[in-house]
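> Predicted model and sequence below, questions to follow.
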Amino acid sequence: MNYNDLTYEQLGERYKVCISTEHRFGTDAFLLADFAGARHKDICADLCTGSGIIALLLDKKYSPKKTYAVEIQKKAYDQLCLSIEASKAEATMIPVNADLKEWRCDEELDLITCNPPYKLDNTGAKNESEAVSIARHEMMCTIGDVCKAAKRNLKFGGRLCVCNRPERLCDIITAMKENGIEPKRLRTVHKNPNCAPWLVLVEGKKGAKAFLNIERPLFVRTADGGISEEVQQIYLR
């Protein structure tokens, strides 16, 4: 491992996440981890984990029994391993360098989270960095692939929680239903109360009956530009 652009972001007293030019994280990671939650007895997985931010947040905030962090890109996987080591989380976090389209966990999972590539492969300008393009565009996996992986690895009643852009909502719901995962919760995220949503958070449950609960909107900022109280609490938690 010989990278010259690695730094660490502190996540509270104990946890640290290793970031690089290509593999960073944003507000959506914090929002998804908070939306998904976890129980102490849960066995979890975070797909497309990058350097491990969502898996680390789940471990930090909810202390699940175990979390598999699955990443296909080698540099991001190396950062993930460094993040786990720096956070002293080896006992509960398992790094996995694998393609989610093929990965099968040795045990059934209670919760899968995924912050997948948002853009279709044939839309929008790609970044000069292939690694960044893979993270942003569906070059190596689609939302359908994520839902197939969830179907394969979740226990009956297990949950899949994802975030994506609002324009992909129909794709998410369709892919979930095609794989026996019933959408159960939907929350829109807005930059402020005057804006249309820029993010959607969706939870599906394997084998559940149809009933979708649309939760109240989440505003990142207040009307006067300050960070909203709820988002402050999410970061503090």
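That came through fine.
> For residue 116, see how far away the residue lying closest to residue 118 once chain neighbours are set aside is.
Counting by CB to CB, 6 or more residues apart in numbering, the nearest residue to residue 118 once its immediate chain neighbours are dropped is residue 165, at 4.9 Å. Heads up, the C-betas are built off the backbone N, CA and C, glycines and all. Residue 165 sits 11 Å away from residue 116, going by CB to CB, to the nearest Å.
> more neighbours, the two?
More neighbours surround residue 116 than the other of residue 165 and residue 116, with 20 against 15 (other CB atoms under 10 Å).
> secondary structure class for the more buried one?
coil (DSSP: H, G, I helix; E, B strand; the rest coil).
> How about residue 85?
helix.
> okay, it: pLDDT?
Residue 85 is assigned a predicted lDDT (pLDDT) of 98.
> For it, the count of nearby residues, please.
Neighbours around residue 85, by other CB under 10 Å: 14.
> could you measure it against residue 8, distance?
Using CB to CB, residue 85 is found at 11 Å from residue 8.
> circling back to that earlier point, the residue nearest to residue 118 is in contact with residue 201, isn't it?
No - the pair residue 165 and residue 201 fails to qualify as a contact (CB atoms under 8 Å) at a distance of 11.6 Å.
> for the residue lying closest to residue 90 once chain neighbours are set aside, what are its contacts?
Once flanking residues are discounted, residue 90 sits nearest to residue 84: 6.0 Å by CB to CB, 6+ apart. Going by CB atoms under 8 Å, 6 or more residues apart in numbering, residue 84 touches 52, 56, 69, 90, 93, 95.
> quick one: which of those sit in helices?
Among the contacts of residue 84, DSSP state H puts residue 56 in helices.
> Which one of the contacts of residue 84 is nearest to residue 109?
Residue 109 has its nearest neighbour among the contacts of residue 84 in residue 69, at 12.5 Å by CB to CB.
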